[in-house]
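Novice: Here's my sequence, what's the structure:
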Amino acid sequence: MARRSFAFCVLLLFPGSCNQVSSALQGPEIYPDLPEIKQRGYLTALVDNNSYSYFIYKGRPMGFEYELLQNLARYLEVELRLKIGSGIEQGIEQLNNGETDILAYPLTVTLDRTRLVKFIHPLFESHQVLVQRKPDNWMQLTADEINRMLIRKPADLIGKKVYVMHNSSFAQRLLHLSEEIGGEIIIHEDSATATSESLIRAVAEERIDYTVTDDYLAQVNAAIYPNLDIETVLSLPQQIAWAVRHTSPELLRAINEWLAKIKKEPTFMVIYNRYFKSPRNLQLRVKSDYSSLGGNKISPYDNLIKEGAAQLNWDWRLLAAVIYQESKFNPQSESWAGAVGLMQLMPETAERFGASNPLEPAQNIRAGVKFLKHLDTYWARENVREEDRIKFVLASYNAGLSHIIDARKLTAKYGGDVSSWDAVEWYLLKKSDPKYYKDPVVMAGYCLCEEPVNYVKEILKLFEEYRLHISA
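Specialist: So this is what the prediction gives:
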């Protein structure tokens, strides 16, 4: 999936001039709405990279927003393409410039924001809470003793410095709260790139004393940092929702129809509980070396994968995506057809490329890499498009070289471009039709080849997600 780079500019979320709002709503000459999205075949969503929205864990993309967006894309019958954002201001800018179709942040619905974006129906409700540290000896104290040492009334915040995200709903709430309690709360708006989770961590690590966040996020992080107190409520319940452009009414209507549907089923609450009501699982994810939340590893076999990728002259994350797709990094994995190990080698392939024990990870990866190298050498000689060669290699690895050669012969017979994967893919899918698999140019016969076509797409999609989260 191609990723574009953008230039960001500052967009004020507090009440501003009409010119500021007008400027924020300007975008490209054509705003893609649902018909254009369906016609082009993909939906673009901007997401946040944090412990609950979107991350990689043991090679698998996960997250509340991620799972819901995957479900939405299936409902709309389009491909999902994700981009990682870097703040609410920039996200609204990108949305209104047509660079994304959905701003899939868990946004608090405010009057100021409704002037800039159109919110979908609420995902859920939350309220804002104060995040502060418990006393150092809190485990030896009673609940009453702890409460006496903490801020429990908003008026006790007068004169205190509270750190919040720049131009956030939390900053707005503290401003209003200062007026309500008749005294100034010192509001420190952190940099535009700060996140709620980074500020919560700063409280836990004693670098700052107070921040404000939504209750659902506070609960998630309190499971990670037991020295945090999140019991002081600072707001009434507020609606949390995603946003689309004002100029995307059909997309808005379709998303709301989808959301109403999944909320009538167990789907929504199963996903919600997985990320917001399972503190033990969250601790495992955050502390794992194989989580993009706290590490830069994909699997226990990263070193072997990097060695193999160097032999292929590949990005190691691409080879990791192949292995995850094949075995989910389970070295004992065995398919119904007899393929075994991390790279799911058939016995004859393992023997041919030197794996006497294909269940042993190092042997399996080395043999699999040799097989990929063999396929890459073959397709390099066939003068396929350089940007498409990896697709020919991956499809051959999955379905066998002979089926891809057959599809290429069919492409040539019917006047297609044999150097283009898109053209060859079309005829590969035709190999379940007798008209094509019984054609005299075909040697390998019948193939239900949706699998290799989807295999190529899934690996390249996963590779792109690894590139978003894991450094090279």
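Novice: low-confidence ranges in the protein?
Specialist: Across the chain, the ranges flagged by pLDDT under 70 are 1-30, 192-193, 279-280, 282-284, 286.
Novice: In the record's domain split, what are the boundaries for it?
Specialist: 18-124+239-287, 128-235, 302-469 (automatic domain parsing).
Novice: Of those, which is nearest Gly295?
Specialist: Taking CB to CB, domain 18-124+239-287 is the member of the domains of the chain nearest to Gly295, at 9.2 Å. All C-beta atoms are positioned from the backbone trio N, CA, C, and that covers glycine.
Novice: before we move on, which element is the residue lying closest to Trp316 once chain neighbours are set aside in?
Specialist: Spatially, and ignoring its direct neighbours in sequence, Trp316 is nearest to Ala309 (3.8 Å; CB to CB, 6 or more residues apart in numbering). For Ala309, the element it lies in under DSSP states H and E is helix 302-312.
Novice: Spit out the contact partners of the residue nearest the centre of the chain.
Specialist: Centroid-nearest residue in the chain: Tyr54, 4.1 Å away (criterion: CA atoms, centre = their mean). Neighbour list for Tyr54: Val47, Asp48, Pro61, Met62, Gly63, Glu65, Tyr66, Leu82, Ile84 [criterion: CB atoms under 8 Å, 6 or more residues apart in numbering].
Novice: One more pass at 7 Å, please.
Specialist: For Tyr54, the contacting residues are Val47, Asp48, Gly63, Glu65, Tyr66, Leu82, by CB atoms under 7 Å, 6 or more residues apart in numbering.
Novice: what about the second one, how many residues close to it?
Specialist: Residue crowding around Asp48 was assessed by other CB atoms under 10 Å; the count is 23.
Novice: residue contacts, it?
Specialist: Taking CB under 7 Å, 6+ apart, we find Asp48 in contact with Tyr54, Gly85, Tyr105.
Novice: From the residues you listed, pick the one nearest Tyr324.
Specialist: The shortest approach to Tyr324 among the contacts of Asp48 belongs to Tyr54, at 16.8 Å (CB to CB).
Novice: From Lys430, how far out is the closest residue to that closest one other than its chain neighbours?
Specialist: Distance criterion CB to CB, 6+ apart; nearest residue to Tyr54, sequence neighbours excluded, is Gly63 at 3.9 Å. Plainly put, Gly63 is 37 Å away from Lys430 if you go by CB to CB, to the nearest Å.
Novice: Where do the strands of this protein begin and end?
Specialist: 42-47, 55-57, 60-62, 79-84, 102-108, 118-119, 124-126, 128-133, 161-164, 186-189, 211-214, 228-233, 238-244 (DSSP state E).
Novice: possible to save those as a markdown table with mean neighbour count?
Specialist: Formatted as a markdown table, these follow (neighbours: other CB atoms under 10 Å):
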| stretch | mean neighbour count |
| --- | --- |
| strand 42-47 | 22 |
| strand 55-57 | 23 |
| strand 60-62 | 17 |
| strand 79-84 | 18 |
| strand 102-108 | 24 |
| strand 118-119 | 19 |
| strand 124-126 | 17 |
| strand 128-133 | 24 |
| strand 161-164 | 21 |
| strand 186-189 | 16 |
| strand 211-214 | 26 |
| strand 228-233 | 18 |
| strand 238-244 | 21 |
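Novice: Which of those strands sits closest to Gly338?
Specialist: When the strands of the chain are compared (using CB to CB), the closest one is strand 60-62, at 25.2 Å.
Novice: Sheet partners, orientation included, of the closest one?
Specialist: strand 55-57 (antiparallel) (DSSP bridges).
Novice: From the rest of the structure, what touches the strand it pairs with?
Specialist: Outside strand 55-57, the residues that reach it (CB under 7 Å, 6+ apart) are 49, 62-63, 285, 288, 290-293, 465-466, 469-470.
Novice: Are any of those buried, and if so which?
Specialist: Among the contacts of strand 55-57, the ones that count as buried by 16 or more other CB atoms under 10 Å are Asn49, Met62, Gly63, Arg285, Tyr290, Ser291, Ser292, Leu293, Glu465, Tyr466, His469, Ile470.
Novice: Which residue is the nearest non-sequential neighbour of the first one?
Specialist: This means Asn49. Ile84 (4.9 Å).
Novice: Centre of the chain to stretch 318-335, how far?
Specialist: In terms of CA atoms, centre = their mean, to the nearest Å, the centre of stretch 318-335 is found 20 Å from the chain centre.
Novice: cool, and stretch 140-152?
Specialist: That offset, for stretch 140-152, works out to 39 Å (CA atoms, centre = their mean).
Novice: Among the strands of the chain, which comes closest to Tyr437?
Specialist: The closest of these to Tyr437 is strand 79-84. By CB to CB, the value is 27.5 Å.
Novice: What pairs with that closest one, parallel or antiparallel?
Specialist: Using DSSP bridges, strand 79-84 pairs in its sheet with strand 42-47 (parallel).
Novice: Now do the contacts for Val456.
Specialist: Counted by CB under 7 Å, 6+ apart, Val456 has contacts Lys391, Leu394, Ala395.
Novice: The last one: how many residues sit nearby?
Specialist: Applying other CB under 10 Å, we find 27 residues neighbouring Ala395.
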